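[1] Need coordinates for the below:
(chains A and B)
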Amino acid sequence: MTRADKKLWLVLLFTILSVTMASAGTEEIGGDFTLTDHNNDTFRLSQLQGKLVLLSFGYTYCPDICPTELAKLAVVFDTLKGESDDLQGLFVSLDPDRDTPAVLSDYVGYFNSEIVGLTGSEKAVDQVARQYRVKYQRNDKAGGGYSIDHSANLYLIDQMGELVVVIPYGMPVEHIVDVVRGMLSVDG
Amino acid sequence: MVFRFFQPFLIAAIFVTTVDANSINPSVISAPGYGELAYKLPEIGSYQLPPLGEASNGEVLIAEGEQRTLYELFNGKYVLLAFIYSTCSDVNGCPLTSHVFYKIKSAMQRDQVLASRLKLISLSFDPEVDTPSVMGLYGNNFRYAGSAGEWQFVTTASQQSLDPILKSYNQVILRETDSSGRTHVGYSHVLRVFLIDPEKNIRNIYSVDFLHQDLIINDLKTILQQAQRSGETIKLATASQQTSRLSKPGDNKLGYELSDYVTDSQDLELRKGEKADLLSIANNPPLGLPAIPVPVDNPLSREKIELGRKLFYDRRLSLNDTFSCAMCHVPDQGFTSNELAMAVGIEGRSVRRNSPSVYNSAYSKLLFHDGREENLEQQAWGPLLANNEMANPSIGYVLNKIRQIDDYRGLFEAAFDGRSVSMETLGMALASYQRALVSADSPFDRWRYAGDETALSESAKRGFEIFTGKAGCVACHSIGERSALFMDDQLHNTGIGYRESMGFSPDKQPVTVAPGISIEIDRAIIDQVGEKPPTDVGRYEVTQNPHDRWKYKTPSLRNVDLTAPYMHNGSLSTLHEVVDFYDQGGVPNELLDPLIRPLGLSSQERSDLVDFMRSLTGSNVDTLVADAFNAPIGDVGEGDPSWVHGSEVEVR
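    As a prediction, this is how the structure comes out:
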């Protein structure tokens, strides 16, 4: 509050509630979504209220980025296992054609049973990717098949369902652990 | 299912090696930055890193609607600047920068010097996706982990404001297209990270193969060591940067507008008081200032200065024992209030003007923004009696109260040849202390009056040329042959007052209500619930001459970097805003001073002008502030008359 004077504080008392609610516009990054989980059940992000959510994007045929990212998530869960029950990992597939709930169930299981794999119609997945500003693109390969280029940041959503931190792809796992721990101690 | 028994990392490795070679990342071989350095680094200080050219300026956004120049972000520090975009998936591109920056940030946790001298900046070249709020989410990483050292994530308002920056840093960024010509999700760009010194010289440029934390830290320590070794260089390095360590709020408020702001208390150690020899400072003003004018009937003495200092910080001088002069003229905020456009007095009562700094007020022939008072001796009674400042009911009330306070016993008598506290002696004592607050010997003074070419940065020298030439500032903010006061003891109409009385203000006003939460409020709503904007017609109120409407006193620009916000109503919050204001020709009105006219300055010229004003911070600021920290603040003592113990001040 660098330049505001007293009267602005007064105004605030009157307007803070209405304004903060109004500002939750559609353009904001993040937000609730509905997909299908790896047990083939309908899944809404908002059902995880009260938990700290680690949200990542990828696809199971992904050669390098996704497995390393998921492996990092698994380390985070292993490290913080004793400290909190309120953590939840999510892995949203950007390749719904190949990643059926069954395929996902096998895949995320390799890493950690705390991680839920999510998929859905192409449209539903695309909508979630847009919400979180995830960029991805299918590249057909010469000998058939395809890969998907995609951005691989990690999204941390707090107990109130609010996106509060994005950890850039490339940060080591120690950092992720530190941030998650920091958030648990602030909000929990 | 065998995989279950393996460590997760192993799985990752297996996945990578079993996938065919023309997969998405042809460069699965990761850059050296991800691992241990393969070669031995040269010894620190054993090599040279000559400047590679000047780092350019540009306009960026640090939060929604919060524009800054790159130079403002550099803030006199060593800087590592990287160009990134957040949706980048090339392992050896932006993620490599994140990784290496993270390693350096971790080193900052352990290394005080690194943490205080270096700053990391990631600037997005994808303004469309990377909006300020997205960048804020990146910044939040350090709200929860590793607070030491600064890593800022910034973006630009648009492609138009980005382009000149990319161009000046030679960053060619192409949107990738695939064989069918469709635009690709990514950008192709050549990774470059710039190491920039406080003089804004680029000292090294790292590409993928050289981006490694050990090398960068080695380079930085080498430059630091060499700067220290030659006194000249260090002067050069700090020339245009603020030279005060103590002039800042108790909390470091840098980045308060960002949602990743965490309370960052300044080092308490630093804030310990240390008494200064104010009399000799006053008798020998620092380089760049003339001798101070002292009234014949109030010659300076050690006792008077000491007594005035005690009074200035004494909260018991207010009606309810809470408010001292120093609570508006805050020593560590340039003897003004950095966070208040207009002053707030006792019990939160508003004052309609900005608290001016009292640095160098010894030289002012006119006091207050409208010049209504002419000497410091008289002036003090204004705030002591103003209902919205210190709120004492009468002069007699103040004098009687001081007579009854034990720790003043004998002090007036000793300072004034046996004369006790009176309207006159109290004013004289306060005046003596304020007179001693002279401050100069700034980088500008050493350059201009001691012929030290290295004292002033190149940009500040260019700024001086503009200040005295094209922009004509010197006509009112005077600079003499042997000394400079940066004021003319005159009053002028620049249009600031006119704008205010005419009620021209933006329809909406952004208000930062908590770190990172900024809301736009309709001016109409503010006007409804807030107090009416104060009427203020400036000098006219004193003279009743219609030609004097909206005239205000020219303030000195010495230490101006420390005395934000600016103008009589505090309506401009940065020096950049002040320069923009003058550049557009002030606010036209029938009585506008003819010297105020559109200037047509380029953005480089504007930033040079700001650099020049930043070079006016005196070298003794910290001495004066530490001396202030040493003063008692007037806690109510046992025998003191106070509402605290129900004992009334006797009014005789």
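[2] Quick one: the helices in chain A, in order.
    Along chain A, the stretches classed as helices by DSSP state H are A:6-22, A:65-80, A:101-111, A:122-131, A:173-187.
[3] which stretch in these has the least confidence?
    Sorting the helices of chain A by mean pLDDT places helix A:6-22 lowest, at a mean of 37.
[4] Surely B:Y47 and B:Q225 touch.
    No. With contact defined as Cβ atoms under 8 Å, B:Y47 does not reach B:Q225; the gap is 11.0 Å. C-beta here means a position set from N, CA and C on the backbone, and glycine is covered the same way.
[5] Who are the contact partners of the residue with the shortest distance to the centre of chain A?
    Centroid-nearest residue in chain A, with Cα atoms, centre = their mean: A:L55, separated by 2.0 Å. The contact partners of A:L55, by Cβ atoms under 8 Å, 6 or more residues apart in numbering or on different chains, come to A:90, A:92, A:132, A:154-157.
[6] Out of the residues you listed, list just those in strands.
    A:90, A:92, A:154-157 (DSSP state E).
[7] any idea how far the closest residue to A:V173 other than its chain neighbours lies from B:T623?
    Of all residues not flanking A:V173 in the chain, A:K72 sits nearest, at 4.5 Å (Cβ to Cβ, 6 or more residues apart in numbering or on different chains). Distance of A:K72 to B:T623, given as Cβ to Cβ, to the nearest Å: 52 Å.
[8] which one of those two has more residues nearby?
    A:K72 (26 against 20; other Cβ atoms under 10 Å in any protein chain shown).
[9] and B:Q604, what element?
    helix B:603-614 (DSSP states H and E).
[10] Extract the CA atoms of the helix or strand just after that helix and return them as CSV.
    Heading C-terminal from helix B:603-614, the first helix or strand you meet, by DSSP H and E, is helix B:621-629. Extracted in CSV, the C-alpha atoms of helix B:621-629 (Å, rounded to 0.1, in the frame of the first residue of the first chain):
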residue,chain,number,x,y,z
VAL,B,621,22.8,10.1,5.1
ASP,B,622,23.6,7.0,7.1
THR,B,623,25.5,9.0,9.6
LEU,B,624,22.5,11.3,10.2
VAL,B,625,20.1,8.4,10.3
ALA,B,626,22.1,6.3,12.7
ASP,B,627,22.4,9.4,14.9
ALA,B,628,18.6,9.7,14.8
PHE,B,629,18.2,6.0,15.8
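[11] Which strands and helices lie in contact with helix B:621-629?
    helix B:278-283 (3 or more Cβ pairs under 8 Å, 6 or more residues apart in numbering or on different chains; DSSP states H and E).
[12] Please name every helix or strand in contact with whichever helix or strand comes after the helix it packs on.
    Downstream of helix B:278-283, the first helix or strand assigned by DSSP H and E is helix B:302-312. Here helix B:302-312 touches helix B:278-283, helix B:411-415, helix B:423-435, going by 3+ Cβ pairs under 8 Å, 6+ apart.
[13] Report the spatially closest residue to B:E59, excluding sequence-adjacent ones.
    Sequence neighbours aside, B:S161 is the residue nearest to B:E59 in space, at 5.2 Å (criterion: Cβ to Cβ, 6+ apart).
[14] Contact partners for B:F581?
    Contact partners of B:F581, counting by Cβ under 8 Å, 6+ apart, are B:494, B:496, B:572.
[15] Now render the residues you listed as TSV, adding distance to chain A, secondary structure and neighbour count.
    Listed next are the contacts of B:F581 as TSV, based on distance: Cβ to the nearest Cβ, whole Å; DSSP: H, G, I helix; E, B strand; the rest coil; neighbours: other Cβ atoms under 10 Å in any protein chain shown:
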residue	distance to chain A	secondary structure	neighbour count
B:T494	19	coil	24
B:I496	15	helix	21
B:L572	9	strand	20
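[16] residues near residue 112, how many?
    As the question left the chain open, I've gone with chain A. Neighbours of A:N112 (other Cβ under 10 Å): 18.
[17] Please refer instead to chain B.
    Neighbour tally, B:Q112, other Cβ under 10 Å: 11.
[18] Could I get the contacting residues of the closest residue to A:D178 other than its chain neighbours?
    Excluding the flanking residues, the one nearest A:D178 by Cβ to Cβ, 6+ apart is B:A145, at 3.5 Å. For B:A145, the contacting residues are A:175, A:178-179, A:181-182, by Cβ under 8 Å, 6+ apart.
[19] closest to B:D197 among those?
    A:H175 (28.0 Å; Cβ to Cβ).
[20] so what's that closest one closest to, chain neighbours aside?
    Nearest non-adjacent residue to A:H175 (Cβ to Cβ, 6+ apart): B:Y102, at 5.9 Å.
[21] For the one you found, give me its contacts.
    A:170-172, A:175.
[22] cutoff 10 Å now
    B:Y102 sits next to A:167-168, A:170-172, A:174-175, B:120, B:141, B:146, B:151, B:213 when contact means Cβ atoms under 10 Å, 6 or more residues apart in numbering or on different chains.
[23] In which helix or strand does it reside?
    Going by DSSP H and E, B:Y102 is in helix B:94-110.
[24] and the following helix or strand past that helix, anywhere near chain A?
    As assigned by DSSP H and E, the chain's next helix or strand after helix B:94-110 is helix B:112-117. No. Against chain A, helix B:112-117 shows no contacts by Cβ under 10 Å from any Cβ of the partner chain, the least distance being 16.6 Å.
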